[in-house]
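1. Here's my sequence, what's the structure:
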Amino acid sequence: TMDAITRVSYYFPTHTLTIFQILANLVINDSAFCQDQERSLVIAMLVLFSIACFFASFTDTYTAMNGQKFWVIIMPFYGPLCFSLPTDEDKDRVYDFFYLKIRDYVHAVLSTTAFVLIILFTNPVCMCIFPSGLKDGTSRFDAAIVRTVPIVVALLIGMIMICLGPPRQMLGF
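-> The predicted structure follows:
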C-alpha cells in the first residue's frame with residue numbers, strides 16, 4: 001500500500017510529501033482539535049506546495065558542451081528560459097530541444113492532483129481541514145475512506161504516469 005504512494009512520490013519534487021507532513025504536524029501541534037489559524041496555515045502550505053509541484057513539472061536540466069549542468073524553465077508561450085549558457089551553440093541546442101509538450105501539462109496536473117489528494121486524506125491534515133465537529137480529533141470522513149483514498153489515488157495516477165512515460169528531469173528531482 002505505501003509502496004504505491006512511494007512510487008507516485010517520485011513524480012513530486014524531492015521529499016515534498018515528507019516535508020509537508022513534518023511542517024503540518026508542527027503547525028497542527030498534534031492537538032485533538034485544529035484551530036482556525038492552524039487550518040489557515042495548513043491550507044496556505046498546501047497551496048504553496050501544490051504550486052511548487054505544478055511549477056517543477058515545467059523544468060528540466062541541460063548539460064552544456066563543457067559538461068556543466070544548467071536548469072531550464074520551459075515557459076508556455078516564450079519557450080525555454082535558461083540563464084548563463086556558455087556558448088551560442090548551447091543556446092541554439094536548448095531552443096531546439098526544450099519545448100512544451102502535452103505530456104508536460106498532463107504530468108503537472110496529475111502530480112499536483114495526486115499530491116493534494118494524498119495530503120488531504122492523510123491524518124492529521126484531514127482532521128484539521130475536515131473536522132467532524134465533535135472536537136475529538138476525527139474528520140467528517142469515515143476512517144476507511146481516509147485510509148483508502150491515498151492508496152487508490154496513488155495506484156490510478158501511478159498507472160497513468162507509467163503509460164505517459166518518464167517526466168522531464170525536473171528541478172528538485
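2. Could you use CA atoms for every contact and neighbour count after this?
-> OK.
3. quick one: buried residues of the helix or strand hosting V42?
-> Using DSSP states H and E, V42 maps to helix 36-56. Residues 38-39, 42-43, 45-46, 49-50, 52-56 are the ones in helix 36-56 that count as buried (16 or more other Cα atoms under 10 Å).
4. Past that helix, which element shows up next along the chain?
-> strand 59-63.
5. helices or strands up against the helix or strand that that next one is followed by?
-> Once the chain leaves strand 59-63, the next helix or strand it forms, by DSSP H and E, is strand 69-75. The helices and strands touching strand 69-75, judged by 3 or more Cα pairs under 8 Å, 6 or more residues apart in numbering; DSSP states H and E, are strand 59-63, strand 79-81.
6. So which of the ones you listed is nearest I157?
-> For these, proximity to I157 was assessed by Cα to Cα; strand 59-63 is nearest, at 20.5 Å.
7. circling back: among the buried residues of helix 36-56, which two are most distant?
-> E38 and A56 (26.7 Å).
8. could you list every residue that touches V146?
-> Contacts of V146 were listed using Cα atoms under 8 Å, 6 or more residues apart in numbering, and they are 121-123, 126.
9. Tell me which helix or strand it sits in.
-> helix 143-164.
10. buried residues in that helix?
-> Neighbour counts using 16+ other Cα under 10 Å place 146, 149-151, 153-155, 157-158, 161 of helix 143-164 among the buried residues.
11. Just the C-alpha atoms of it, please, in PDB.
-> The C-alpha trace of helix 143-164 is given here as PDB (Å, rounded to 0.1, in the frame of the first residue of the first chain):
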ATOM      1  CA  ALA A 143     -11.700   6.100   8.700                       C
ATOM      2  CA  ALA A 144     -11.900   3.600   5.800                       C
ATOM      3  CA  ILE A 145     -12.100   6.400   3.300                       C
ATOM      4  CA  VAL A 146      -9.200   8.200   4.900                       C
ATOM      5  CA  ARG A 147      -7.100   5.000   4.600                       C
ATOM      6  CA  THR A 148      -8.200   4.100   1.100                       C
ATOM      7  CA  VAL A 149      -8.200   7.300  -0.900                       C
ATOM      8  CA  PRO A 150      -4.400   7.900  -0.900                       C
ATOM      9  CA  ILE A 151      -3.800   4.400  -2.000                       C
ATOM     10  CA  VAL A 152      -6.400   4.400  -4.800                       C
ATOM     11  CA  VAL A 153      -5.200   7.800  -6.000                       C
ATOM     12  CA  ALA A 154      -1.600   6.600  -6.000                       C
ATOM     13  CA  LEU A 155      -2.400   3.500  -7.900                       C
ATOM     14  CA  LEU A 156      -4.500   5.200 -10.500                       C
ATOM     15  CA  ILE A 157      -2.300   8.200 -11.100                       C
ATOM     16  CA  GLY A 158       0.800   5.900 -11.000                       C
ATOM     17  CA  MET A 159      -0.600   3.700 -13.800                       C
ATOM     18  CA  ILE A 160      -1.400   6.800 -15.900                       C
ATOM     19  CA  MET A 161       2.100   8.200 -15.300                       C
ATOM     20  CA  ILE A 162       3.600   4.900 -16.400                       C
ATOM     21  CA  CYS A 163       1.700   5.000 -19.600                       C
ATOM     22  CA  LEU A 164       2.800   8.600 -20.300                       C
END
